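Undergrad: coordinates for the following, if possible.
(3 chains)
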Amino acid sequence: MVSADSQDARDFRVVGRRRDTRDTTTLVLEPLDRAPFTFAPGQFTMLGRVGLGEVPISICGDPAEPELQHTIRDVGGVTHALVDVPVGDALEVRGPYGTGWQVEDGRGGDVVLVAGGIGLAPLRPAVLSLLADRASYGRVVLLYGARSPADQLYSPELVAWRAQGLEVETIVDQGDDRWAGRVGLVTRLIPRLEVDPARTLALVCGPETMMRYVTVALTDLGVAAERIRLSMERSMKCGVGLCGHCQLRELFVCVDGPVLDAATLAPLLAVREA
Amino acid sequence: MRGIDELLREHPFFAGLDDDTLALIAGCAANRRIHEGDFLYREGDEAGTFFVIRHGRVALEAAQRAGGSLVVETVEDGEVLGWSWLVPPHRWMFDARAVVATSAVVFDGACLRTKCDQDPQLGYALLQRVAQVMLTRLQGARVRLLDLYAVPDASKR
Amino acid sequence: MALEQAAVIDVAGLRLLIDVLRADGWAVIGPTVQDGVIGQAEIQSVDDLPRGVGDEQDGAFYRLRARDDAAYFGYVLGPQSWKSLLFPSRELVRRARPGDGPATPPEHDPELRPLALFGVRSCDLQAIAVHDRVLTSRVAVDSHYAARREGTFIVAVTCADPAGTCFCASMGTGPEPTEGFDLALTELLDDRGHRFLVRPGTDKGVAVLELLPSQTVQGADRAAAAAVVESATGHMGRELDTSQLRDLLYSNPDHPQWDDVASRCLACSNCTLVCPTCFCTSVEDATSLVDGTSDRWRVWDSCFTSDFSYVHGGSVRGTTKSRYRQWATHKLATWWDQFGTSGCVGCGRCITWCPAAIDLTAEVAALRVTPSADTLTAPTPQED
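TA: Reported below is the predicted structural model:
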């Protein structure tokens, strides 16, 4: 493997944008040098601009398409600026970095994807890559929990995915009287799953506390911890294992993750403030 | 036309109870259909029923001052609703509205209580099942109180 | 390089060594007395070296003293390691000028001379090797460090007089340099004269040594050099028991000693600043109000700062306890899993320069003591 310099960046132009929810925007980016952008589902980039700063953001686009997509939530200084970047502006991208979901490991069995809140964004490429090869998998189920109906991402796509053979079960923490779907915690949906736990691969993404509870519920169902994959998040300044910020004991979340299995993570997450 | 005890036998809540027991409690119950949009009960009403949802979805909701309601939980196929028949105060805290056409076996609470008083084994078996449901609902409610999907406020630490 | 290529030079030879390096275009950086410490500066000649100067070090204590001999290297370490030169605390990594298109890496400065590091101690030499592994042998490379490192000439020195906080012998990193140098000197002062046993470590080193007037190494010189090493090894200021150290730290995240050290630690980050193997950095973007040029700087950072582990919602390691535990565990244990070596080279700087005199070797010793049952129970709340 060729060692890249930690600061190698490519310039991309914003060619499309879409406001998803009150605090979340999806940007569609194309590289100025026109060379394709290839990535594995689950990977992230360091997105930003010299003078603005940069942040690690999971890639949410279709791995079969040449453009780069990022769903960004306004949670701090840099993301606050990124959600307002207009079409035509240029941004710098470093990456893609990190380990991916490797959803193809689920071939020949059932796949359960559990998304919480904006956690659906890093799972979207896995969904698209699954649907592109649907026949290789058994049951494929997406469990998606959001805070409220207004906070759901990609609502029209969920309908399309159902039509393509993905079972989609949605639930919100709090509903209103226009919402006819389920209200409750996303873990409620797990005991109802009709999958073969011995042949199930689970991909989980959402707030860390939620991922812990989901992991417990999935292991209660009989899914092996080694077959439950989580997407972890830590402070990142470089994305390539040099700045030291993202360490979770011996793991560099940017290089050894962000996708890590629950068996590896269990002893590390058990230590408070590790 | 199938008997109530047969409907109960199909429902996960009663798994593990023998046919004699089901026949015993079936005497307290009737099968009901609720139209979409109709209420199973309203906040403040005296509560004396236990709902075993067979098909459909029920929203537990709280009416808002500014109009409309906020839904705190939905209950659907294979689940149960209401335990005010078991312990006081026998009063509903939320509205329960059928989100879609719903079929349920509806138990009279006083009848069921009397049978449990006469047969403590039955009472214990039902109590265990109710406690299981309450535990799941309580944990789910507590975790939702954490509001994990919200952008956290670092100043609260 | 075999000892057969070693030679003995005298003080005049040492002077010439520095002159030769300078004439060859190197910027010779060596130890000098600055502000009451042994600092690093460009040296013009052998006269700039701290001749006859010694040092005393202990927890939160550092003093220079006058030796009763004329040794050029009769002290050990000042607060700065060679990290300050090879991996500077501020490095410009990218620049964007308005209207000039995308940001680019900074242009290479043609005026910059390659560095000759003069007087590198064995522990610091090992620290440089650790940095080589961390910064140049993994998925991504720090190209600035790599470029600086490639052009560097290293003259190492055996320590004759360890200080009160030294523990390289425990870590297997000294006191005699064994690899990673171009030339290694052992200073000898006895009735045979003031001289230096010089061992070349590379072809570059051999080439420079050949330019100096020298004598063949006699048995007495070899014996004297060996005696220096033996004496230094036996005079370490501290000891660290490294047996099963990784398992000890991994299996004791809740040891009460962490609470104890946290009550003393100021989270001032001095230890990480002076540590020769610490490598954590952050990034700062700055835009000039004058001409709109935007610069991205890579700067040293420390795991002791409150926002080092900040993700939206708060820092993962909010308490001083968790941060001290992170630093010690990383340095002594996790480094093995990540890089196949210890992160600690036993230089003792963290002990000397800690304002609270926290001693890493003492903390580890305390962790080896199994806590009694009493200390594991939570304190009962006091009724008012």
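Undergrad: what about the residue in chain B that chain C sits nearest to, distance to chain A?
TA: Closest contact between chain B and chain C, by Cβ to the nearest Cβ, is at residue B:152 (3.1 Å). C-beta: built from backbone N, CA, C; applies to glycine. The gap separating residue B:152 from chain A is 8 Å, by Cβ to the nearest Cβ, to the nearest Å.
Undergrad: residues contacting residue A:131?
TA: A:161, A:164-166 (Cβ atoms under 8 Å, 6 or more residues apart in numbering or on different chains).
Undergrad: and residue C:177, by the same measure?
TA: Counted by Cβ under 8 Å, 6+ apart, residue C:177 has contacts C:120-122, C:125, C:156-158, C:184.
Undergrad: what sits closest to residue C:161 if chain neighbours are left out?
TA: The spatially closest residue to residue C:161, leaving aside those adjacent along the chain, is residue C:74, at 5.5 Å (Cβ to Cβ, 6 or more residues apart in numbering or on different chains).
Undergrad: give me the number of residues near that neighbour?
TA: Residue C:74 sits with 21 neighbouring residues when counted by other Cβ atoms under 10 Å in any protein chain shown.
Undergrad: could you confirm residue A:105 falls within a helix?
TA: Yes - Residue A:105: assigned to a helix according to DSSP: H, G, I helix; E, B strand; the rest coil.
Undergrad: I'd say it and residue A:201 touch.
TA: Yes - here residue A:105 reaches residue A:201: they are 5.8 Å apart, a contact under Cβ atoms under 8 Å.
Undergrad: higher neighbour count, the two?
TA: Between residue A:105 and residue A:201, residue A:201 has the larger neighbour count (other Cβ under 10 Å), namely 26 against 13.
Undergrad: so what strands line up beside the helix or strand that one falls within?
TA: Taking DSSP states H and E as the definition, one finds residue A:201 inside strand A:200-205. Strand A:200-205 has the following sheet partners, assigned by DSSP bridges: strand A:110-116 (parallel), strand A:228-231 (parallel).
Undergrad: how about the first one as CSV, C-alpha atoms only?
TA: Output in CSV follows, covering the C-alpha atoms of strand A:110-116 (Å, rounded to 0.1, in the frame of the first residue of the first chain):
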residue,chain,number,x,y,z
ASP,A,110,-30.0,-12.4,6.6
VAL,A,111,-28.9,-8.8,7.1
VAL,A,112,-30.3,-6.5,9.7
LEU,A,113,-29.5,-2.8,9.6
VAL,A,114,-30.4,-0.7,12.7
ALA,A,115,-30.2,3.1,12.2
GLY,A,116,-30.8,5.7,14.9
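Undergrad: contact residues of the stretch 251-384 of chain C facing chain A?
TA: C:253, C:279-283, C:285-287, C:294-296, C:301, C:303, C:308-312, C:316-319, C:321-322, C:326, C:329-330, C:334, C:337-338 (Cβ under 8 Å from any Cβ of the partner chain).
Undergrad: among those, which are located in helices?
TA: If you go by DSSP state H, those have C:321-322, C:326, C:329, C:337-338 in helices.
Undergrad: from those residues, list the buried ones, please.
TA: Among those, those classed as buried by 16 or more other Cβ atoms under 10 Å in any protein chain shown are C:321-322, C:326, C:329, C:338.
Undergrad: of those, closest to residue C:24?
TA: residue C:338 (37.5 Å; Cβ to Cβ).
Undergrad: pLDDT at that closest one, what is it?
TA: Looking at residue C:338, its pLDDT is 98.
Undergrad: cool, residue C:377 as well?
TA: Value for residue C:377, per-residue pLDDT: 51.
Undergrad: on the three-state scheme, the residue nearest to residue C:161 is what?
TA: coil.
Undergrad: ok now do it, which residues does it touch?
TA: Counted by Cβ under 8 Å, 6+ apart, residue C:74 has contacts C:50, C:52-54, C:67, C:160-161, C:187.
Undergrad: returning to that earlier point: out of the contacts of residue A:131, which end up buried?
TA: Using 16+ other Cβ under 10 Å as the burial test, these include A:161, A:166 as buried.
Undergrad: turn the contacts of residue A:131 into a markdown table, including secondary structure.
TA: Formatted as a markdown table, the contacts of residue A:131 follow (three-state DSSP):
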| residue | secondary structure |
| --- | --- |
| A:161 | helix |
| A:164 | coil |
| A:165 | coil |
| A:166 | coil |
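Undergrad: re earlier: rebuild the strands paired with strand A:200-205 as TSV, extending it with mean neighbour count.
TA: Formatted as TSV, the strands paired with strand A:200-205 follow (neighbours: other Cβ atoms under 10 Å in any protein chain shown):
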stretch	mean neighbour count
strand A:110-116	27
strand A:228-231	27
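Undergrad: now mean pLDDT too, for the ones you listed, in TSV please.
TA: Below are these laid out as TSV (pLDDT from 0 to 100):
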stretch	mean pLDDT
strand A:110-116	98
strand A:228-231	98
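Undergrad: make TSV out of these and add distance to residue A:150.
TA: Converted to TSV, the strands paired with strand A:200-205 look like this (distance: least, Cβ to Cβ, whole Å):
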stretch	distance to residue A:150
strand A:110-116	16
strand A:228-231	24
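Undergrad: so the residue nearest to residue C:161 versus residue C:50, what's the distance?
TA: Distance from residue C:74 to residue C:50, counting by Cβ to Cβ, to the nearest Å: 8 Å.
Undergrad: what's the answer for residue C:72, then?
TA: Counting by Cβ to Cβ, the gap from residue C:72 to residue C:50 is 7 Å.
Undergrad: next one: residue B:62
TA: On the measure of Cβ to Cβ, residue B:62 and residue C:50 end up 78 Å apart.
Undergrad: quick one: which of the two has more around it?
TA: Comparing residue B:62 with residue C:50 by other Cβ under 10 Å, the one with more neighbours is residue C:50, at 23 against 12.
Undergrad: for the helix ranked longest in chain B, buried residues please.
TA: Looking across chain B with DSSP H, the single longest helix is helix B:120-145. The neighbour-count check on helix B:120-145 (16+ other Cβ under 10 Å) flags B:122-123, B:125-126, B:129-130, B:136-137, B:140, B:143-144 as buried.
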